[in-house]
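# predicted coordinates and the sequence they were generated for:
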Amino acid sequence: MSVETISAGKHLDRNRLALGSDAQEIAKTEHWSLSRDADAIAWLVLDRAGESTNTLSETVMAELETLLEKVEALQPAGLVLRSGKAGGYIAGADIRDFAGVSQSNEVEARMTRAHAIVDRMAALPMPSVAVVHGHCLGGGLELALACRFRIAVEGAVFGFPEVLLGLHPGLGGTFRLPALIDPVEAMKMMLTGKSVHAAKARKLGLVDAVVEERHVVNAVKAAISGKLKPTKRGAGLSRFSFYRGFAARKMRAMAAKRAPEKHYPAPHRLIDLWEDHGAGNKDEMQKEEIRSFATLLTGETAQNLIHVFFLREALKAGGKGDSGIAQVHVVGAGTMGGDIAAWCAARGLRVTLSDLDEQALAAAIGRAGRLFEKRLHSGIARRDASDRLIPDFAGDGVRQADLVIEAVAEKADVKRKVFETVAPLMKKDAILATNTSSIPLNELLTAVPFPERLVGLHFFNPVARMELVEVVSHDGCSDAALARLAAFCGSIDRLPAAVKSSPGFLINRVLTPYLTEAFVMLDEGMQKEAIDQSAVSFGMPMGPIELADRVGLDICLEVARTMRAGLDTSVPDVPGWLESMVAEGHTGRKAGQGLYTYDRNGDPVKNTKHPVPDGAMTDRLILPMLNTCMTCLREGVVTDEKTLEGAMIFATGFAPFRGGPLRYARARGIEDIVNALERLQAQHGDRFNPDPHWRKLSPI
Ligand code: NAD
């Protein structure tokens, strides 16, 4: 055994992570290092080579096994499992290992090997301590659960996000977490995929202590010397099958409300597992967890959701780099401007916000306070965000801003007037962005002397929930401005999608036929609840009628008009009743009255009695969207399929379990889609004419 002094210690010092004093390196593999400190404590550190984040791949696990063998031989006083990445602990399994797998028996074999390694870790005779900073997710948490103690460094985050990939924990989490904390809380974490911060984790008993980084060594010593007692809540009533049966029924009802089992089976399989095997028989549960995980992983939903994971990564990659934007000025404190300003302030930028209407400004600041309350986890973070958001009635902030975002009414002349006012005041290299939903940028360019720095930055409603932002280019804008705006999106945790200016850009262009077809169906006498249900049963987050109300019927009307005026496609006529409703102020959810009436919570009042929608109705709504996706690809509104698929999922919520519109089309068969469009064309008119680009789309 070669003994190399301190290299691991030095590395960690560089990242300001504690490793005890005088640690001597005992073994090193590609991704791990094992060292021993003066107190005979072994430190097993994961620092994945060539990656910015630690994840668990097959190689990482195999190396862990080799090092555990060494630990067993070494018999240290205790073992610490920690990450060498300053950015965090372990983000979970390496999802690249999961893509494209189709043989569940192969997955079972792989998982059984990985379980044996984690079991070996859990069976070590000396106390083991996971010291966790940053994110500890999925497989990372499962490794931490196999340790006798878990010490969280302030700011650590714990979670099982597997359900978001159509899976449940697969490396022992389904039995180790319910054995450690209240099983119902454990199930809640696994079923929702929501993470918990250090303080909550302590409360749940998931961690034994929360310390600051500088106290890690002392905390480790306390754990290993026996001064710190491990927290264990025990299984309580859930040892009894009648109790699990009762709780499982409630969980199933909740899970079904969030997502139907047919589309998202994972939560239901997890509940089955717990109900059937949650009495505390670890071996049985382990076997069943592996089997169930392998079935889910090789199923359609998980593979599609894994595809969506990579779509998100691709969009995220487009938002890397330094935007040079530290200060933002937003003009218009309405629904969008107010929320964009609040979001930017919550994400660390200095923001000034102006509006003609003082009340709108005050209301936006009030909404921002509520957002900070909900999304920021400490009083200091909330106070700092509030300090960064400055109401600026006079609009003085324009002079200091690196980016000015316009979010006033959807009228080209109003927007041009705003530009004429702000452009002369802006810094020389500042960017002017418009949040217009549909106005082609060339209609706005004449109002600024620097078209190269005028770009579209189209956020979606609600800003805090919708991750996508369209970064809209036009022929005269500079690549530098586009790159800075993409990086700006990345800096505020948003996913930039590069699109070309044309009426409605990508997302509203694609959504318009979905909404307008629903209006035609209403005109034909179909019940709005049935129309909405036909889209929801396909997997859309809400139906087109509810969506129109949510967006605002006034905005829908303007978008539909712009599209009809500017596009050479057959968008149905805007119905007369839509114009009357808008004129009467019945603009949707924001007015309490639109196509639905809204209750005090802002929920639509729906008639539960309606005809069950059929597949033909669903096709009539969904296929025009898909057809328009083809048109956008053909016209170059969006240049690549990945951006199109990702944008549709993260802006419209297009049925994620289907993996995106093109993946859906390919799975169903392009020929079948074209035939269905032709049938609809014969029945309802040329707006269903299949786009020629279908013929160019590769079948897989
Ligand atoms: P809104 O009516 O809620 O807010 C507009 C605000 O701008 C109002 O508070 C108004 O007082 C203010 N305003 C008008 N003229 C102004 C001026 N000259 N100077 C300063 N303030 C002025 O509208 P909204 O829904 O927030 O939409 C704003 C923009 O965002 C529009 O272009 C819209 O198309 C776009 N958009 C809207 C949505 C949506 O769902 N509502 C989604 C994406 C994009």
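Right, received. Where do you want to start? Numbers count the residues shown, from 1 in each chain.

# for the helix or strand where residue 269 lies, give me every contacting residue.
For residue 269, the host element (DSSP states H and E) is helix 266-277. Outside helix 266-277, the residues that touch it by C-beta atoms under 8 Å, 6 or more residues apart in numbering are 162-163, 166-168, 174-175, 178, 183, 187, 190-191, 238, 241, 244-245, 248, 251-252, 255, 258-259, 261, 284-285, 288-289, 292, 295-296, 301-302. Any C-beta I mention is one placed from the backbone N, CA and C, and that applies to glycine too.

# which bits of the stretch 351-500 of the chain sit near the ligand?
354-357, 360, 407-410, 414, 418, 435-437, 459-461 (C-beta under 6 Å from any ligand atom).

# just the buried residues out of the residues you listed, in ChimeraX syntax.
For the buried members of those, the matching ChimeraX selection, counting by 16 or more other C-beta atoms under 10 Å, is:
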select :354,355,360,407,408,410,418,435,436,437,459,460,461
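
# if I look at residue 210, how far off is the ligand?
Distance of residue 210 to the ligand, computed by C-beta to the nearest ligand atom, to the nearest Å: 40 Å.

# then residue 194?
Per C-beta to the nearest ligand atom, residue 194 is found 26 Å from the ligand.

# enumerate the beta-bridge partners assigned to the residue nearest to that residue when sequence neighbours are not counted.
Leaving aside its chain neighbours, residue 194 sits nearest to residue 159 (6.5 Å; criterion: C-beta to C-beta, 6 or more residues apart in numbering). Counting by DSSP bridges, residue 159 is bridged to residue 137.

# in the sheet, which residues pair with the closest residue to residue 639 other than its chain neighbours? Tell me.
Of all residues not flanking residue 639 in the chain, residue 498 sits nearest, at 7.3 Å (C-beta to C-beta, 6+ apart). Beta-bridge pairing for residue 498 (DSSP bridges): residue 471.

# report the contact partners of residue 498.
By C-beta under 8 Å, 6+ apart, the contact set of residue 498 is 318, 471, 473, 482, 486, 638-639, 643.

# quick check: pLDDT value at it.
pLDDT recorded at residue 498 is 98.

# can you check residue 21 too?
For residue 21, the pLDDT comes out at 58.

# over to residue 107?
We have a pLDDT of 95 for residue 107.

# now the one 10 residues further on
pLDDT, residue 117: 98.

# quick one: the residue nearest to residue 194 and residue 190 touch, right?
No. Using C-beta atoms under 8 Å, residue 159 is not in contact with residue 190; the gap is 9.2 Å.

# taking the chain, what residue is nearest to the ligand?
Closest contact between the chain and the ligand, by C-beta to the nearest ligand atom, is at residue 334 (1.7 Å).

# contacts only, for that residue.
Listed by C-beta under 8 Å, 6+ apart, the contact partners of residue 334 are 355, 360, 364, 407-408.

# mind listing the helices for the stretch 451-600 of the chain?
479-491, 507-523, 528-538, 544-551, 553-566, 576-583 (DSSP state H, counting those that start in this stretch).

# neighbour-wise, which of residue 159 and residue 190 wins?
Taking neighbours as other C-beta atoms under 10 Å, residue 159 and residue 190 compare with residue 190 leading, 26 against 22.

# before we move on, what SS does the more buried one have?
Following DSSP: H, G, I helix; E, B strand; the rest coil, residue 190 is assigned to helix.

# distance-wise, check the spatially closest residue to it that is not a sequence neighbour relative to residue 298.
In this structure, residue 190 finds its nearest non-sequential neighbour in residue 160, 4.7 Å apart by C-beta to C-beta, 6+ apart. Applying C-beta to C-beta, to the nearest Å, the value for residue 160 to residue 298 is 20 Å.

# so those two - more neighbours on which side?
Taking neighbours as other C-beta under 10 Å, residue 160 and residue 298 compare with residue 160 leading, 27 against 19.

# please parse the chain into its domains.
Using automatic domain parsing, the domains assigned to the chain come out as 8-298, 324-500, 507-636+669-696.

# check which helices and strands the helix or strand encompassing residue 680 sits against.
Residue 680 is located in helix 670-684, with elements delineated by DSSP H and E. The contact analysis (3 or more C-beta pairs under 8 Å, 6 or more residues apart in numbering; DSSP states H and E) places helix 670-684 against helix 615-635.

# tell me the buried residues in the helix it packs on?
617-633.

# can you select the buried ones among the contacts of helix 266-277 for me in ChimeraX?
Buried subset of those, written as a ChimeraX selection, criterion 16+ other C-beta under 10 Å:
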select :162,163,166,167,168,174,175,178,183,187,190,191,238,244,248,251,252,255,259,285,288,289,292,296,301,302
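
# show only the entries of the contacts of helix 266-277 found in strands.
Judged by DSSP state E, the contacts of helix 266-277 include no members of strands.

# counting neighbours, what do you get for residue 220?
29.

# and residue 70, by the same measure?
By the measure other C-beta under 10 Å, the count of residues near residue 70 is 15.

# quickly find the element holding it.
Assigned by DSSP H and E, residue 70 belongs to helix 58-74.

# for the record, mean pLDDT for that helix?
97.

# who does that helix touch, helix- and strand-wise?
Using 3+ C-beta pairs under 8 Å, 6+ apart: helix 58-74 touches strand 24-28, strand 32-36, strand 41-46, helix 104-122.

# again, only using 10 Å
Using 3 or more C-beta pairs under 10 Å, 6 or more residues apart in numbering; DSSP states H and E, the elements in contact with helix 58-74 are strand 24-28, strand 32-36, strand 41-46, strand 78-83, helix 104-122, helix 139-145.

# mean pLDDT lowest for which of the ones you listed?
Mean pLDDT is lowest for strand 24-28 among these, at a mean of 92.

# my guess is residue 423 is in a helix, correct?
Yes. Assessed with three-state DSSP, residue 423 lies in a helix.

# might one say that it is in contact with residue 450?
Yes. Between residue 423 and residue 450 there is a contact under C-beta atoms under 10 Å: 7.1 Å.

# what do those two both touch?
430, 432 (C-beta atoms under 10 Å, 6 or more residues apart in numbering).

# centre of the chain versus stretch 156-175, how much separation?
Averaging C-alpha positions (C-alpha atoms, centre = their mean, to the nearest Å) puts stretch 156-175 15 Å from its chain's average.

# kindly report the same for stretch 514-524.
The answer for stretch 514-524 is 31 Å, by C-alpha atoms, centre = their mean.

# please apply the same query to stretch 458-467.
Counting by C-alpha atoms, centre = their mean, stretch 458-467 comes out at 12 Å from the chain centroid.

# how about that stretch: buried residues?
By 16+ other C-beta under 10 Å, the buried positions in stretch 458-467 come out as 458-461, 463, 466-467.

# what is the mean pLDDT for that stretch?
Stretch 458-467 comes out at a mean pLDDT of 94.

# next, the distance between the ends of it.
Stretch 458-467 stretches 11 Å from its first residue to its last (C-alpha to C-alpha, to the nearest Å).

# remind me which residues of the stretch 451-600 of the chain are low pLDDT?
Across the stretch 451-600 of the chain, residues meeting the criterion (pLDDT under 70) sit at 568-570.

# now with 90?
Scanning the stretch 451-600 of the chain with the threshold set as pLDDT under 90 gives 461, 503-504, 551, 555-575, 590.

# now do the contacts for residue 278.
174-175, 178-179, 183, 186-187, 235, 238-241, 243-244, 247-248, 271, 285.

# mind redoing it with 8 Å?
Neighbours of residue 278 in contact, by C-beta under 8 Å, 6+ apart: 175, 178, 183, 235, 238, 244, 285.

# OK, contacts around the residue nearest to residue 194?
Counting by C-beta under 8 Å, 6+ apart, residue 159 touches 135-138, 141, 189, 193-196.

# nearest to residue 50 among the residues you listed?
The shortest approach to residue 50 among those belongs to residue 135, at 19.1 Å (C-beta to C-beta).

# quick check: phi and psi at that closest one.
The phi/psi pair for residue 135 (degrees, to the nearest 10) reads phi -80, psi 130.

# excluding chain neighbours, what is closest to it?
Using C-beta to C-beta, 6+ apart and skipping residues adjacent in sequence, the residue nearest residue 135 is residue 88, 4.3 Å away.
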